[in-house]
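Novice: sequence and predicted structure below; questions after.
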Amino acid sequence: MSSEVIFEGAQKAAVTHDKGPMLVLAGPGSGKTFTITHRIKYLTEECRVNPSSILVITFTKAAATEMKERYESLCGGGPSSVSFGTFHAIFFRILKFAYRYDARNIVRDEQRMQYIRELIETNHVEVEDEAEFVSSILSEISSVKGEMIHLNHYYAKNCSEEIFKKLYSGYEERLRRANLIDFDDMLVMCYDLFKERKDILGAWQRKYQYILVDEFQDINRVQYEIVRMLAAPENNLFIVGDDDQSIYRFRGAKPEIMLGFEKDYPDAERVLLNINFRSTKDIVDTAGKLIAHNKTRFPKEIVTKQGRGKPVVTRVWKDPQEETLEIVHEITDYTGAGYAWSDIAVLYRTNLGPRLLIEKLMEYNIPFCMKDAVPNLYDHWIAKNIIAYLNAAAGDLSRACILSVINRPNRYISRDALELPVVSWEAVKSFYQDKGWMVERIEQLEYDLKFLRQLAPAAAVNYIRKAVGYDDYIREYAEYRRMKPEELFEVLDQLAESAAGFQTVEAWFAHMEEYARELKLQARSREKRTEGVSLMTMHSSKGLEYRIVYILDANEGVTPHHKAVLDADMEEERRMFYVAMTRAKERLHVNYVSERYSKKQEVSRFVKEYLGRE
């Protein structure tokens, strides 16, 4: 090894590990990539391992590219024959050799969505938001494959088991007919290939003598089983990860695989990279107090090379309006004191989180860039229903507009009653002339639309929800979709909150258009733009670091999310908060509100835990 490189004790133990399995626990900011790249260099230069017999597996293409570039730069800049790639890329390479597959055999995302859309139609599945439902079903199909679950033992999350089985079977049948495979098939087929063809497995085992896996805490069942087969019989398996940063259970990640690694490999050595080179002592200690509340983890004592730094700031605000306004003022103060916009990040639990902040940053002309595609609240199907009510109230009697409101809530009015391109209420009533109760329902709808005309936006939204019965409709729909109604009520609450800022429906609609323009602008410049305050979900912040970090809305129901019911869910939520906290290098601000949508809000248990007040 080069004499210039000075390794911290644990790093040296990891880099110079000889043969056999090793578990490297790499805490936040502990130099994980540095350790992996120097480990590869040690194998090739000191142990004389043939570079082409080393396989480095990552979870993203970007991580594989970065690892390859860092390693090649470390070795003088020339190309290397070490294999770097994602699970999918590596396993597809294996399938190419076995089955002569090429890129044309991989189903495109658009094609997968089209298959599910067709199956929804042929199976007469009624959903409000087709795009969201299609995405959810594809995620579930991915889970079934990745977790190696038999379809008969799977409890569907978005629809009945009967419907899910039809969608799953229809999807698989379409892939088979077109001779296509999806990304999950790459893993399942590779697993089956290795199980059935020991000769092929043996050839790949001889090819890859040393296997290194990055971000091992995010591995799923089928990925792990393939890696185990590939690493045998030598078991030169070098895994790197942090069980405290496993935040992808919803994608099938199984942190318990990492926790059970030493049971599967009793002779495995373990090393802890426990020095955080990123954050100040106060940030490291505060985050450590939080994560210590998780029971299913490797205990760790993380230390830092930095000084104590400023204390973590925890602030309560009256409501989200005050919270976002004060954060914008503080960001301006920081930039006035010499910090760059790009030194600052604001993190939130879900994509619905930043709407108010985005609006405030626009108002103050503060540059910002969003790492995630933030969905436009006003494009949500619920928002479209509310907007349709307001348009109908203002006189839009087009068939399309009236169809959006007429059975939300269900009034049992047939589409056949709306024959004309412009709806005539008299014609609809005459369609039901022999059914007095239906005429009454139509007259009530007419009355509601007239009444809405005279209301300010916030009052109108409230009237649609309570008096017209839209909230009841949402409860019924949530039950049908096996969703928590809170998810949908959050959209309605955000609409009501937005509406409260405007005196007229016209002004509110104008704001919606301006907001949509800004989101489109952000989407176009997301890849290119680096100068600006970074806005992102806690999930997207993983692996990044900023001098100053703000955490938004540290309230119960937000973080931890109201979806978290099981102990395993709660531990995942705590890990997510820990990831968010450990992005900060110098300053960490945690914010929560005492009131939202005119309802009292409770501070997150995570705040109480790191403050020692639980």
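Specialist: Yes, it's here.
Novice: alpha carbons only for contacts and neighbour counts from here, please
Specialist: Noted.
Novice: which ones are touching the closest residue to residue 221 other than its chain neighbours?
Specialist: Distances taken as Cα to Cα, 6 or more residues apart in numbering place residue 147 nearest to residue 221, at 5.4 Å, with adjacent residues excluded. Counting by Cα atoms under 8 Å, 6 or more residues apart in numbering, residue 147 makes contact with 220-222, 252.
Novice: stretch 22-35: end-to-end distance?
Specialist: Stretch 22-35 has an end-to-end distance of 13 Å (criterion: Cα to Cα, to the nearest Å).
Novice: what comes into contact with that stretch?
Specialist: By Cα under 8 Å, 6+ apart, stretch 22-35 touches 11, 14-15, 67, 236-244, 261, 268-279, 302, 579, 582.
Novice: same question for stretch 335-346.
Specialist: By Cα under 8 Å, 6+ apart, stretch 335-346 touches 331, 367-368, 530-536, 546-552.
Novice: may I see the buried residues of that stretch?
Specialist: Within stretch 335-346, the residues scored as buried using 16 or more other Cα atoms under 10 Å are 341-346.
Novice: tell me the one among the residues you listed nearest to residue 443.
Specialist: residue 346 (49.0 Å; Cα to Cα).
Novice: so after whichever strand or helix holds the closest one, what's the next helix or strand?
Specialist: In this assignment (DSSP states H and E), residue 346 forms part of strand 344-348. On the C-terminal side of strand 344-348, the closest following helix or strand by DSSP H and E is helix 355-363.
Novice: what pLDDT is listed against residue 1?
Specialist: We have a pLDDT of 49 for residue 1.
Novice: hang on, the earlier thing: turn the contacts of residue 147 into JSON lines, including neighbour count, distance to residue 560 and secondary structure.
Specialist: Putting the contacts of residue 147 into JSON lines (neighbours: other Cα atoms under 10 Å; distance: Cα to Cα, whole Å; DSSP: H, G, I helix; E, B strand; the rest coil) gives the following:
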{"residue": "220", "neighbour count": "22", "distance to residue 560": "23", "secondary structure": "coil"}
{"residue": "221", "neighbour count": "15", "distance to residue 560": "26", "secondary structure": "helix"}
{"residue": "222", "neighbour count": "19", "distance to residue 560": "29", "secondary structure": "helix"}
{"residue": "252", "neighbour count": "20", "distance to residue 560": "19", "secondary structure": "coil"}
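Novice: want to throw the residues you listed into JSON lines with pLDDT and distance to residue 57?
Specialist: Converted to JSON lines, those look like this (pLDDT from 0 to 100; distance: Cα to Cα, whole Å):
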{"residue": "220", "pLDDT": "91", "distance to residue 57": "13"}
{"residue": "221", "pLDDT": "91", "distance to residue 57": "15"}
{"residue": "222", "pLDDT": "91", "distance to residue 57": "14"}
{"residue": "252", "pLDDT": "83", "distance to residue 57": "17"}
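Novice: quick one: low-confidence ranges for the protein?
Specialist: 1-4, 525-530 (pLDDT under 70).
Novice: which residue is nearest the centroid of it?
Specialist: By Cα atoms, centre = their mean, the chain has its centre lying nearest to residue 539, at 5.5 Å.
Novice: and that residue, helix, strand or coil?
Specialist: helix (DSSP: H, G, I helix; E, B strand; the rest coil).
Novice: and for the one 5 residues further on?
Specialist: At residue 544 the chain is in coil, as set by three-state DSSP.
Novice: just checking, it touches residue 583?
Specialist: Yes. Counting by Cα atoms under 8 Å, residue 583 is a contact partner of residue 544 at 6.2 Å.
Novice: quick one, which of the two is more surrounded?
Specialist: Higher neighbour count among residue 544 and residue 583: residue 583, with 28 against 14, using other Cα atoms under 10 Å.
Novice: would you mind measuring from the more buried one to residue 577?
Specialist: In terms of Cα to Cα, residue 583 sits 10 Å off from residue 577.
Novice: pairing partners for the longest strand anywhere in the chain, with directions?
Specialist: Identified as the longest strand of the chain according to DSSP state E is strand 584-593. Next to strand 584-593 in the sheet, as set by DSSP bridges, lie strand 313-317 (parallel), strand 546-551 (parallel).
Novice: need the winner for burial among those strands.
Specialist: strand 546-551 (a mean of 22; mean count of other Cα atoms under 10 Å).
Novice: following that one, which helix or strand comes up?
Specialist: Following strand 546-551 in sequence, per DSSP H and E, is helix 567-581.
Novice: in terms of secondary structure, what does that following helix contact?
Specialist: helix 281-291, helix 538-541, strand 546-551 (3 or more Cα pairs under 8 Å, 6 or more residues apart in numbering; DSSP states H and E).
Novice: list the contacts for the nearest residue to residue 148 once chain neighbours are set aside?
Specialist: Leaving aside its sequence neighbours, residue 148 sits nearest to residue 222 (Cα to Cα, 6+ apart; 6.7 Å). Residues in contact with residue 222, defined by Cα under 8 Å, 6+ apart, are 146-148, 187-188, 191.
Novice: and the strands in the stretch 301-450 of the chain?
Specialist: 303-304, 313-317, 344-348, 368-370 (DSSP state E, counting those that start in this stretch).
Novice: for the stretch 51-200 of the chain, that is, sorry about that
Specialist: So, for the stretch 51-200 of the chain - with DSSP E, counting those that start in this stretch - the strands run 54-58, 83-86.
Novice: strand partners (parallel or antiparallel) of the longest one?
Specialist: This points to strand 54-58. By DSSP bridges, strand 54-58 pairs with strand 83-86 (parallel), strand 210-213 (parallel).
Novice: hey, which of these is tucked in deepest?
Specialist: Of these, strand 210-213 is the most buried (mean count of other Cα under 10 Å), at a mean of 23.
Novice: just flag the most distant two among the contacts of residue 147.
Specialist: 222 and 252 (10.0 Å).
Novice: what is in contact with these two at once?
Specialist: Joint contacts of residue 222 and residue 252 (Cα under 8 Å, 6+ apart) are 146-147.
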